[in-house]
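Undergrad: A predicted structure for the sequence below; I have some questions about it.
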Amino acid sequence: WLALLRTAPRRYTDGKGQVRQLSFKQVFLRSRALELALDASARSAELRTALRTYALAVPARWPESCPPPMAFARAFVALLWSTVGPTEKWLQLLGTLLSSEQTPHVGNEAEEPCHTWLVQLIAGQRQNWMVSDVVDREAEILALEEKAIDALKEAEDGGHSTFSDELRRLSTLSSAVSAVESMAERRSSLAEDVERAILAEKEQDELYEKTVASVATSAKALANSLSSDAVHENGVSERAQLCSKSDCIKERLSELTPDMERLIQEIGAAEEVQSELMQQLKQNKEHIESLRRQISVRRKEEEHLYQTLQRTEKKLATHLATEDAVKQRCEASQALAFAVADVAETLKAKQPENGSEAEVAPLTATSTRNVRQQKELLLLLATGEVRRLKKANEVGKEALPLAQEFAKQGEVSPEEAENADPKERSA
């Protein structure tokens, strides 16, 4: 704020529809920023201590290097100098505002209004923004007037020279005259603003006088209401009210005591019932969990038995199919052997009565040998097939108890089946 108040080239447009350009200082003076800054600083314990320590006794010269509390107090004093004026205008009020070490309490009927009144009295003395505008514009016009007058004198004081020099001097003189005329117009406009600023400052002073009178009356009435007699009377009245209220509360408490005891007993009984129910609920939960675990075990056993039963049924079906195939093959081999025996007996019965003729004797002998060899081979084949089928039947009978034992023990893994005995594998 201080930096903007001292050097702020930026201008702000007036929000009331006018074309006036306001500086930061004028905007600051028109706002409630100073009042709010005073209020916030006095309500903050740290900032209040800094102002009480350094701002109420302003040194003749501030040190170059300041700790943060002193730097804040220095900036705050400079802000009051720039907006309110010399120390004599605000130092006494600021000292009264910071007279107590404690920050004002919002609920206190005396501290809060006194704090508000003192903040209004300090902020109400700030400069009128229109006066500040007139002062700034006058300083600007003075600087421009000095430049215009100096340029006019230089143009008039020139001696005789060439025609081109005279033309340049004439152009310079015209510019200087135009600048002086512009300054005269600005002076005329400034005069009107000065009159308005005087009226505004007068209105502000009247308003401040009314505020001071109102604060004085209100503060006096508050001080009288806070006198010892008034406080005593108020205390007696409040004490009587509090005693009456205390008696009513005691009567009500005496009425509530039996009900409280009864309710406490009921609560104790209800808590005991609740404890028993919770214990039963806990036991039921544990029993349910145990039953669920048993059901889970039974289900697993049931699934395992179903799987074992399926494997056993498959093995039994395979074994029955194998037995049927062996039986059928044995019967077929036996029928073949009987057929071969019948053929042999038939051939034996058809032997020639008187022998063969001479011309066919060699062929007959060969045929006879061939038939005999064929019969012998067929007989040998039938005998071997009957032996093989008998052996297979014996192996099947030996494998049946083994298959039943495997069905009891469970399914055999593929690796065990590969490594098993050939008889067991064929079974």
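TA: That came in fine, so what should we check first? Numbering: from 1, shown residues only.

Undergrad: got the CA positions of stretch 260-270 in PDB?
TA: Listed next in PDB are the C-alpha coordinates belonging to stretch 260-270 (Å, rounded to 0.1, in the frame of the first residue of the first chain):
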ATOM      1  CA  MET A 260     -32.900 -42.000  36.700                       C
ATOM      2  CA  GLU A 261     -32.400 -44.800  39.200                       C
ATOM      3  CA  ARG A 262     -35.200 -46.800  37.700                       C
ATOM      4  CA  LEU A 263     -33.900 -46.200  34.200                       C
ATOM      5  CA  ILE A 264     -30.400 -47.200  35.300                       C
ATOM      6  CA  GLN A 265     -31.700 -50.500  36.800                       C
ATOM      7  CA  GLU A 266     -33.700 -51.200  33.600                       C
ATOM      8  CA  ILE A 267     -30.600 -50.400  31.500                       C
ATOM      9  CA  GLY A 268     -28.500 -52.900  33.700                       C
ATOM     10  CA  ALA A 269     -31.200 -55.600  33.200                       C
ATOM     11  CA  ALA A 270     -31.400 -54.900  29.500                       C
END
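
Undergrad: mind checking the end-to-end distance for stretch 35-52?
TA: 18 Å (C-alpha to C-alpha, to the nearest Å).

Undergrad: other SSEs contacting the longest helix anywhere in the chain?
TA: Longest helix in the chain by number of residues, with DSSP state H as the criterion: helix 228-349. Counting by 3 or more C-beta pairs under 8 Å, 6 or more residues apart in numbering; DSSP states H and E, the packing neighbours recorded for helix 228-349 are helix 361-409. Just so you know, the C-beta spots here come from the backbone N, C-alpha and C atoms, and that holds for glycine as well.

Undergrad: avg pLDDT for the helix it packs on?
TA: Confidence for helix 361-409, expressed as mean pLDDT, is 70.

Undergrad: ditto for stretch 329-341
TA: Average pLDDT, stretch 329-341: 72.

Undergrad: what sits against the residue nearest the centre of the chain?
TA: Nearest to the mean C-alpha position of the chain, by C-alpha atoms, centre = their mean, lies Ser44 at 33.3 Å. Applying C-beta atoms under 8 Å, 6 or more residues apart in numbering to Ser44 gives the contacts Thr103.

Undergrad: could you pull up phi and psi at it?
TA: Phi and psi for Ser44, reported as degrees, to the nearest 10, are phi -90, psi 130.

Undergrad: burial of Thr116, as a residue count?
TA: Counted with other C-beta atoms under 10 Å, the neighbours of Thr116 add up to 14.

Undergrad: brain fart, Ser296
TA: With other C-beta under 10 Å as criterion, Ser296 counts 10.

Undergrad: now Leu79
TA: 18.

Undergrad: list the contacts for it?
TA: Leu79 touches Trp1, Leu2, Leu5, Leu34, Ala37, counting by C-beta under 8 Å, 6+ apart.

Undergrad: next up, the contacts around the first one.
TA: Okay, so that is Trp1. Taking C-beta under 8 Å, 6+ apart, one finds Phe28, Ala33, Leu79 in contact with Trp1.

Undergrad: Glu255: which of those residues is nearest?
TA: Comparing the contacts of Trp1 against Glu255 with C-beta to C-beta places Ala33 closest, at 59.3 Å.

Undergrad: could you find the closest non-adjacent residue to that closest one?
TA: Nearest non-adjacent residue to Ala33, counting by C-beta to C-beta, 6 or more residues apart in numbering: Trp1, 7.6 Å away.

Undergrad: return the distance of the one you found relative to Val27.
TA: Between Trp1 and Val27 the computed distance is 11 Å (C-beta to C-beta, to the nearest Å).

Undergrad: ok, now Leu56?
TA: Leu56 is 29 Å from Val27, by C-beta to C-beta.

Undergrad: also His287?
TA: 83 Å.

Undergrad: comparing the two, which residue is more hemmed in?
TA: For His287 versus Val27, neighbours defined as other C-beta under 10 Å are more numerous around Val27 (17 against 10).

Undergrad: the more buried one against Arg11, yeah?
TA: No - contact criterion C-beta atoms under 8 Å: Val27 and Arg11 do not qualify, at 9.6 Å.
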